[in-house]
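S.K.: I'll drop the sequence and a predicted model, then ask my questions.
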Amino acid sequence: MNKVDELLLEEIVGKDLKKADALNIRKNGESIERKVSPFINIVPKKDKNGIDVFVKDDVKFGIIHIPVIITESGLTDIVYNDFYIGKNSNVIIMAGCGIHNDLHKDSEHDGIHRFFLSENSKVQYVEKHYGEGLGSGKRILNPTTEVYMKSGSLMKMDTLQIKGVDDTIRITKAELAENTTLVVNEKILTNKAQKAYTKFIVELNGENSSVNLTSRSVATEDSYQEFKSDIIGNTKCYAHVECDGILKDKGCIKAIPQIYAKNIDANLIHEAAIGKIAGEQLLKLMSLGLSEKKAEEAIIQGFLK
């Protein structure tokens, strides 16, 4: 790996890459480094691009890193990754993609991830997307995430689009059994003429299942974002969907939260709020000596934390 590769990896998974118990680094459509442990195994798929990650039962704590980097202009990379989490296991999975494009052709990564959580397992999934480079070619990222949760399992998802992604279509689907909890925190920043589309489809099939979905969006300059959620309560369950957006310049955000209660004991809530930066917030920071521009930046960064 060269310096550009290292900086991309640092943006999406931080500096502690080598501390992972299991590791798979993908660059320009190929796996370039892999590490496994006695309790976490990574196996390449035989029929298509991607890997199968197996976590054994009763793993008390494990860290898995599966970053993707693209530095080749004109490349379209599609990968299929499946994660099988054993009973009573607890793992952190760090994923995401960084694209560096200095030329005129578009570069694209489409990641299809499926998670199969066994009984009483816990997963914290962190996914960061980042684009950079001086070229006119687009940086395109299209993640699809599917989550299948068995009784007593917990899934926490933190997804962050940092900057530099020209186009993205983000799809998340989940099916929850009894006594399961899904928590999703999504944060997206767009500028220039960038476009971001997000869709969540969550089926609450088991009693006492719950989902808490929060999306925070900032659209600046001429960018556009669209958020859709479809939450279906099939039994006694709880769901809370919150979509908050900040607009700046000519940015646009559309929010379409949908809830469908199919059982008398389904408790489903949705909220959406979109607006500009509050004037009193700006004045408060400017009174501390910040310029208007710096005050706006501070508010946006705080909103996306």
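M.R.: Nice, thanks for sending it over. None of these values were measured; they are calculated from a predicted model.

S.K.: buried sites along stretch 268-283?
M.R.: Buried residues in stretch 268-283, counted by 16 or more other Cβ atoms under 10 Å: 268, 270, 272, 274, 277, 282. Where C-beta positions appear, they are placed from N, C-alpha and C, glycine not excepted.

S.K.: Next: stretch 78-85.
M.R.: Buried residues in stretch 78-85 (16+ other Cβ under 10 Å): 79, 80, 81, 82, 83, 84, 85.

S.K.: And it, how far out from the chain middle?
M.R.: 15 Å (Cα atoms, centre = their mean, to the nearest Å).

S.K.: any idea of the mean pLDDT for it?
M.R.: Taken as a whole, stretch 78-85 has a mean pLDDT of 98.

S.K.: do stretch 9-23 as well
M.R.: Taken as a whole, stretch 9-23 has a mean pLDDT of 88.

S.K.: shift numbering so it begins at 151
M.R.: Yep, numbering from 151; the last one is stretch 159-173 now.

S.K.: what does stretch 441-455 contact?
M.R.: If you take Cβ atoms under 8 Å, 6 or more residues apart in numbering as the criterion, stretch 441-455 is touched by 310, 337, 339, 366, 368, 394, 396, 398, 427, 431-432, 435-436, 440.

S.K.: Mind checking which of those residues are in strands?
M.R.: 310, 337, 339, 366, 368, 394, 396 (DSSP state E).

S.K.: Okay, now the sheet partners of the strand or helix carrying residue 378, with direction.
M.R.: Using DSSP states H and E, residue 378 sits in strand 374-383. Strand 374-383 pairs in its sheet with strand 345-354 (parallel), strand 402-411 (parallel), by DSSP bridges.

S.K.: List the buried residues of the first one.
M.R.: By neighbour count, with 16+ other Cβ under 10 Å as the criterion, the buried positions of strand 345-354 are 345, 346, 347, 348, 349, 350, 351, 352, 353, 354.

S.K.: Kindly state the beta-bridge partners for the fourth one.
M.R.: Residue 348 has these beta-bridge partners by DSSP bridges: residue 320, residue 377.

S.K.: Please state the mean pLDDT value computed over stretch 191-210.
M.R.: Averaging pLDDT along stretch 191-210 yields 97.

S.K.: can you list contacts of that stretch?
M.R.: 172-174, 179, 181, 184-186, 189-190, 212, 214, 216, 227-241, 243, 262, 268, 271.

S.K.: and what of stretch 311-323?
M.R.: Under Cβ under 8 Å, 6+ apart, the answer for stretch 311-323 is 161, 249, 278-283, 288-297, 307, 309, 334, 336-352.

S.K.: Out of those residues, which end up buried?
M.R.: By neighbour count, with 16+ other Cβ under 10 Å, the contacts of stretch 311-323 hold 161, 249, 278-283, 288-297, 307, 309, 334, 336-341, 344-352 as buried.

S.K.: Now tabulate the ones in strands among the contacts of stretch 441-455 in a markdown table and tack on pLDDT and distance to residue 388.
M.R.: Output for the ones in strands among the contacts of stretch 441-455, formatted as a markdown table (pLDDT from 0 to 100; distance: Cβ to Cβ, whole Å):
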| residue | pLDDT | distance to residue 388 |
| --- | --- | --- |
| 310 | 95 | 25 |
| 337 | 96 | 23 |
| 339 | 95 | 30 |
| 366 | 95 | 21 |
| 368 | 95 | 28 |
| 394 | 94 | 20 |
| 396 | 94 | 28 |
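
S.K.: Out of the residues you listed, which comes closest to residue 408?
M.R.: Residue 408 lies nearest to residue 394 out of these, by Cβ to Cβ, at 17.2 Å.

S.K.: what about the closest one, how many residues close to it?
M.R.: Residue 394 has 18 neighbours, counted by other Cβ atoms under 10 Å.

S.K.: which residues touch it?
M.R.: 364, 365, 366, 367, 422, 423, 424, 453.

S.K.: Was I right to think the second one contacts residue 390?
M.R.: Right, residue 365. No. In this structure, residue 365 is not within contact of residue 390 by Cβ atoms under 8 Å, at 11.9 Å.

S.K.: out of the two, which sits in the more crowded spot?
M.R.: Neighbour count, other Cβ under 10 Å: between residue 365 and residue 390, residue 365 has more, with 24 against 16.

S.K.: Run through the residues that contact the more buried one.
M.R.: Applying Cβ under 8 Å, 6+ apart to residue 365 gives the contacts 336, 337, 338, 348, 377, 379, 392, 393, 394.

S.K.: hmm, 10 Å instead?
M.R.: The neighbourhood of residue 365, defined by Cβ atoms under 10 Å, 6 or more residues apart in numbering, consists of 309, 334-338, 348, 350, 375, 377, 379, 391-395, 403, 405, 407, 422.
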